[in-house]
Structure formats: structure tokens, C-alpha cells
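Q: sharing a model prediction with you, sequence too.
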Amino acid sequence: MMLYFHQISAQLCPSQCTCSWAPTRCPPGVPLLLDGCGCCKICARRLGEPCNQIYLCDQTKELVCDYSTSKDGGRSGTCNYNDDDSCDVDGKVYQDGETFQPSCKLQCKCEDGGVTCVPLCSEDVQLPTPTCPFPHRVTVPGKCCPQWRCDGHPSSLETGLTQTAPINCPEWSTEWGACSALCGMGISSRVTNQNPFCRLESQHRLCMVRPCGAPSAATGITACKPTLVSSHPIRWETQDCVSIRTFWPTFCGSCGRRHCVPYQTVNELVAFQCTAGLSMKLMMFIVSCVC
């Protein structure tokens, strides 16, 4: 999953939009668009013209606001081509390969001019157990990530249903979404009703399509290798957790200049040793890939 950020500081935008009544006329070939505050229609800035977070560049020409030569502390820049594969996020330019955190819940990486982000909060699935029959997440003051708690109880309606008869619920799930990371550990999600109360909920699993640094289309290799088996056993790592046992996983390779993607996958609960103790996490294992 690729995420792109465009956020305007509240101090730069007026509390009420005030736009000219006269219709804006742009030079031939220059599109009309909303300014960065979402207030007024303006002409997109062209190559070499000044720009900032309000006066935006012509994205149809793949122009971005380049702040690298700014002389006013990064408040304004010049429209330029994004030839160096850098990323402009909220007015700050990150170089290709640079990692950053736009919030405590996300870690992002600039890659080939795009931004890929993975969650920093745990996305593990905690199944009901005799000691924790109704696990649920709660927000804890002073902490960024929600925490699991076991002191919840089903509602009176749910209690009545569980006491009388099991719920007649046809199982339904969406397909698993693409892994959130092109390489390294990511998250894949789906919506399912496979729970004791037949309610739609998001389910997450860890996934790794390929390890970072593996041969890819960028190397210029033209041979098609959709599926590759790891040359050595590995332990899965995510945040402060490491899998207890080792695995010989299958990864997706490349075909010419295209990245191959998973075609058939299976899920398995994997035991991780974490700083806080033992944790069971749902993990995707690749069976085959397609290019």
C-alpha cells in the first residue's frame, strides 16, 4: 500500500475562503485546480515558476515544488521535475531511500519518487482464550498505539445469543489486500465476519513479498523469475519481536522490469518473542507468484 501525504499548516490558510468573483483564465495547456487550502481555483504553476503549499505545481506535467534552493527557510520553492526520485512530503524533501516518521504510528520511506509507509503499531490478531474471552483494543493516555485489554464483556444481546444458541452466520471475507511494503516486513488486511458474533471487522497479517536489497527490476535483469526460495533459513522480525523458529520462505522475484506479486498464499500463526513476552502473529506465506 502506497500512502501520499499533502497537509497544509492551519496558519497558512484563512479561516474563511475569499476568492475573486472573476473567472480565472489560464494560459493554454495549464490546468485550473484548487489551491492548497481547498478554497479557490488557481492556475497550476509551470516549470521554473515560484510555488509553495498553497500555489501548487502542475502535477499533470510531473512537476513538484522543489524547496532545495529555498532562501526563506523552506516556505517557498520552484516548480521542477522530480528527476532525482526525491519525495516532497508536507513541504519537506526526502531523498531516495531516506526513511522518516510523519507520525508515531507510521514509518515511511522515499523510494523511486513515491512514499511507502508501514504501521509502527502492532497489527497482531489476538484470538479469544479462556483467560481472555473478549480481547479488545483501547487507547491508553500517553501512548501512541492502542493496547490489548481483556476486561471487556459482551453486551446483554450478545450474552443472550451465546446462552441460547450459536449464531447462524454464513462466513464471508474479502480478498487479502496487497502487502503494504514493496520489500521488507509489511501488513496485509481484509474484512471478515469470522468471529464469535458474526460482525464485520478488519483482520491483519504480517507479510514480506521480498527482502529489501534483493535483486529487482532496477538491476536490469531481464530473465523472468517469478518465485524464489530463500537461500538460507531466516527468522521473521517486526518491531521488537523475532520469530522463535526459523523458516525457508518463498519470495517473489522479477520479470524484466516488472516486480512479481504473490498469486497463491497461505496463513500461519507464528510465535514471536517480543520485549513484552510471547506473542502469536498471523503471517502470510507465499506459495507462488505471478508477473
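A: Thanks, I have it. Numbers count the residues shown, from 1 in each chain.

Q: in this structure, which helix or strand is least confident?
A: Every helix and strand of the chain was ranked by mean pLDDT, DSSP states H and E. The lowest is helix 156-164, at a mean of 40.

Q: got the buried residues for the next helix or strand after that one?
A: Next in sequence after helix 156-164, counting helices and strands by DSSP states H and E, comes strand 186-192. If you call a residue buried by 16 or more other C-beta atoms under 10 Å, then strand 186-192 has these buried ones: 186-189, 192. Bear in mind the C-beta positions are built from the backbone N, C-alpha and C, glycine included.

Q: packing partners for the helix or strand following strand 186-192?
A: Using DSSP H and E, the helix or strand that follows strand 186-192 in sequence is strand 201-207. When contacts are defined as 3 or more C-beta pairs under 8 Å, 6 or more residues apart in numbering; DSSP states H and E, strand 201-207 sits against strand 186-192, strand 261-274, strand 277-290.

Q: can you redo these as CSV with mean pLDDT and distance to Asp35?
A: CSV is the format used below for the helices and strands packed on strand 201-207 (pLDDT from 0 to 100; distance: least, C-beta to C-beta, whole Å):
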stretch, mean pLDDT, distance to Asp35
strand 186-192, 86, 34
strand 261-274, 88, 37
strand 277-290, 88, 42
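
Q: for Gln107, see how far away the closest residue to Cys212 other than its chain neighbours is.
A: Leaving aside its sequence neighbours, Cys212 sits nearest to Cys183 (C-beta to C-beta, 6 or more residues apart in numbering; 4.0 Å). Here Cys183 is placed at a distance of 14 Å from Gln107 (C-beta to C-beta, to the nearest Å).

Q: could you do Val118 as well?
A: 6 Å.

Q: same thing with Val242?
A: For Val242, the distance to Gln107 - C-beta to C-beta - is 18 Å.

Q: and the two? Which one has more around it.
A: Gln107 (16 against 12; other C-beta atoms under 10 Å).

Q: assign that one to helix, strand or coil.
A: Each residue gets one of three states, and Gln107 gets strand by DSSP: H, G, I helix; E, B strand; the rest coil.

Q: that one against Thr116, yeah?
A: No: look at Gln107 against Thr116 with C-beta atoms under 8 Å: they stay out of range, at 9.7 Å.

Q: quick one, what contacts Cys65?
A: Going by C-beta atoms under 8 Å, 6 or more residues apart in numbering, Cys65 touches 45, 51-53, 56-57, 77-80, 88, 91.

Q: turn those into CSV, including distance to Ser202 and neighbour count.
A: Listed next are the contacts of Cys65 as CSV, based on distance: C-beta to C-beta, whole Å; neighbours: other C-beta atoms under 10 Å:
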residue, distance to Ser202, neighbour count
Arg45, 40, 21
Cys51, 38, 24
Asn52, 37, 20
Gln53, 32, 22
Leu56, 33, 21
Cys57, 36, 27
Gly77, 38, 23
Thr78, 42, 19
Cys79, 39, 21
Asn80, 40, 19
Asp88, 30, 22
Gly91, 32, 20
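
Q: can I get those in JSON lines with secondary structure and distance to Trp248?
A: Listed next are those as JSON lines, based on DSSP: H, G, I helix; E, B strand; the rest coil; distance: C-beta to C-beta, whole Å:
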{"residue": "Arg45", "secondary structure": "strand", "distance to Trp248": "53"}
{"residue": "Cys51", "secondary structure": "strand", "distance to Trp248": "51"}
{"residue": "Asn52", "secondary structure": "coil", "distance to Trp248": "52"}
{"residue": "Gln53", "secondary structure": "coil", "distance to Trp248": "48"}
{"residue": "Leu56", "secondary structure": "coil", "distance to Trp248": "49"}
{"residue": "Cys57", "secondary structure": "strand", "distance to Trp248": "48"}
{"residue": "Gly77", "secondary structure": "strand", "distance to Trp248": "49"}
{"residue": "Thr78", "secondary structure": "strand", "distance to Trp248": "51"}
{"residue": "Cys79", "secondary structure": "strand", "distance to Trp248": "50"}
{"residue": "Asn80", "secondary structure": "strand", "distance to Trp248": "46"}
{"residue": "Asp88", "secondary structure": "strand", "distance to Trp248": "41"}
{"residue": "Gly91", "secondary structure": "coil", "distance to Trp248": "45"}
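
Q: now do the same end-to-end measure for stretch 38-48.
A: One end of stretch 38-48 to the other measures 23 Å (C-alpha to C-alpha, to the nearest Å).

Q: separation between the closest residue to Asp58 other than its chain neighbours and Leu56?
A: Once flanking residues are discounted, Asp58 sits nearest to Ala44: 3.8 Å by C-beta to C-beta, 6+ apart. Distance of Ala44 to Leu56, given as C-beta to C-beta: 6 Å.
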